[in-house]
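Trainee: using only what follows, build the 3D model:
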Amino acid sequence: MSQVHTIQLLLEHTAGPCRDLRLQWCASAGRILVDHDIDHRLAPDGLVLRMGKDSVAEDAALPQTLRLYAYPTIAEIFRSTCDFPAGMGELLHVRCGLGKGLVSKETCRIESLPPLVGAMPIRLRPGCVPCMALDLETTSGELCEASLRSAWSERTMLHLAAPRMRWKYLIGGDLAECDPQIVDLSVDPSQRLAFVRRDSNRTPGGVEFLSDREITLRRESDLRLQLRSRKDDRILLRRLPHAAPGDLGREILEDGRVITVAHVFVNP
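Mentor: I've put the predicted structure just below:
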């Protein structure tokens, strides 16, 4: 084996590999893998292709597309990235070129995917619907050239974007009686967040704070928010917890728009 081509899926939310997918080759990919003596290994976070040395191209210009389908193994994956569409019959279509990296990434209907020779239609069964189709596009000639190169490796990193939404803090208990406010301790004043305060409907006697703009949901973040008293600037909580994808809700703004918010409950 000579050239090694790796495509790895990374989650921006965790800043690490995406391990909550099951990858499966499209039926037409098997013929290409055999014809070009390509050894392969599939893992939840991507694939590794090792090009064989016995590949011969009768038609060097013949297009070859290796298509992978990705199936979610847990429902939380849809909350950890905004790239996977939530609508039934929709998926993320990713195109990569051999030696060219990422070509395009877009949402499309499953029935609008470019057809492949020998590919069977996707069976839409509950709990078994792909959330992504990944196409590695090349030609017979490129596959043969790759097999003749000396030992060499190429890595394509596919980043799945973290969701962005406004955060809503719900403060209850004794903290709500201390006339609290949320302070952003970011070094750059122009980047500091503001939180609009109002009485809470979900926490009796509590208060709510809604961020003035969207914030990226990351498991680890440098964002530091502090809870202080407006009366005497006393620190009530040195560092507020961050929002997580697990508790999302809807919020109606003053202009009538309905948005998705991430809830954070603070009730010591």
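Trainee: quick check: buried residues in the helix or strand containing K105?
Mentor: Element membership for K105 (DSSP states H and E) is strand 101-109. Of all the residues in strand 101-109, those buried under the rule 16 or more other CB atoms under 10 Å are K105. Backbone N, C-alpha and C define where each C-beta goes, glycine included.
Trainee: partner strands of it and their direction?
Mentor: Sheet pairing of strand 101-109 (DSSP bridges) gives strand 90-97 (antiparallel).
Trainee: how far off centre is the strand it pairs with?
Mentor: Taking CA atoms, centre = their mean, to the nearest Å, one finds the center of strand 90-97 at 13 Å from the center of the full chain.
Trainee: quick one: contacts of that strand?
Mentor: Strand 90-97 is contacted from outside by 7, 83-85, 102-110, 113, 130-138, 156, 158, using CB atoms under 8 Å, 6 or more residues apart in numbering.
Trainee: how about 6 Å then?
Mentor: Residues outside strand 90-97 that contact it (CB atoms under 6 Å, 6 or more residues apart in numbering) are 83-84, 102-110, 130-137, 156.
Trainee: what comes into contact with the strand holding K105?
Mentor: Contact partners of strand 101-109, identified using CB under 6 Å, 6+ apart, comprise 85, 89-90, 92-97, 156.
Trainee: and S112, how many neighbours?
Mentor: 9 (other CB atoms under 10 Å).
Trainee: make sure I have this right: I182 is in a strand.
Mentor: Yes: the assignment for I182 by DSSP: H, G, I helix; E, B strand; the rest coil puts it in a strand.
Trainee: isn't it right up against F195?
Mentor: Yes: between I182 and F195 there is a contact under CB atoms under 6 Å: 4.2 Å.
Trainee: one step back: and the strand holding K105, average pLDDT?
Mentor: Strand 101-109 shows a mean pLDDT of 89.
Trainee: thinking again about what came up before, now do the shared contacts for I182 and F195.
Mentor: Common contacts of I182 and F195 (CB under 6 Å, 6+ apart): F209.
Trainee: who's in contact with the nearest residue to R192 once chain neighbours are set aside?
Mentor: Of all residues not flanking R192 in the chain, D184 sits nearest, at 4.1 Å (CB to CB, 6 or more residues apart in numbering). Listed by CB under 6 Å, 6+ apart, the contact partners of D184 are 192-193, 225.
Trainee: can you pick the most crowded of those?
Mentor: With neighbours taken as other CB under 10 Å, the top of the contacts of D184 is L225, carrying 23 neighbours.
Trainee: what count of nearby residues applies to the spatially closest residue to it that is not a sequence neighbour?
Mentor: Nearest non-adjacent residue to L225, counting by CB to CB, 6+ apart: L240, 4.3 Å away. Per other CB under 10 Å, the neighbour tally for L240 reads 21.
Trainee: which SS class is L240?
Mentor: Classified using three-state DSSP, L240 is coil.
Trainee: if we can go back for a sec, where's the dip in pLDDT among the contacts of D184?
Mentor: Least confident entry in these, by pLDDT: R192, with 91.
Trainee: am I right that it is in contact with I182?
Mentor: No: counting by CB under 6 Å, R192 stays clear of I182, with 10.6 Å between them.
Trainee: doesn't L223 make contact with the residue nearest to L225?
Mentor: No: counting by CB under 6 Å, L240 does not reach L223; the two are 9.4 Å apart.
Trainee: re earlier: got a pLDDT number for the residue nearest to R192?
Mentor: With respect to pLDDT, D184 has a value of 95.
Trainee: so it versus K168, what's the distance?
Mentor: According to CB to CB, to the nearest Å, D184 and K168 sit 15 Å apart.
Trainee: cool, A75 as well?
Mentor: When CB to CB is applied, the distance between A75 and K168 equals 22 Å.
Trainee: do the same with L23
Mentor: Per CB to CB, L23 is found 36 Å from K168.
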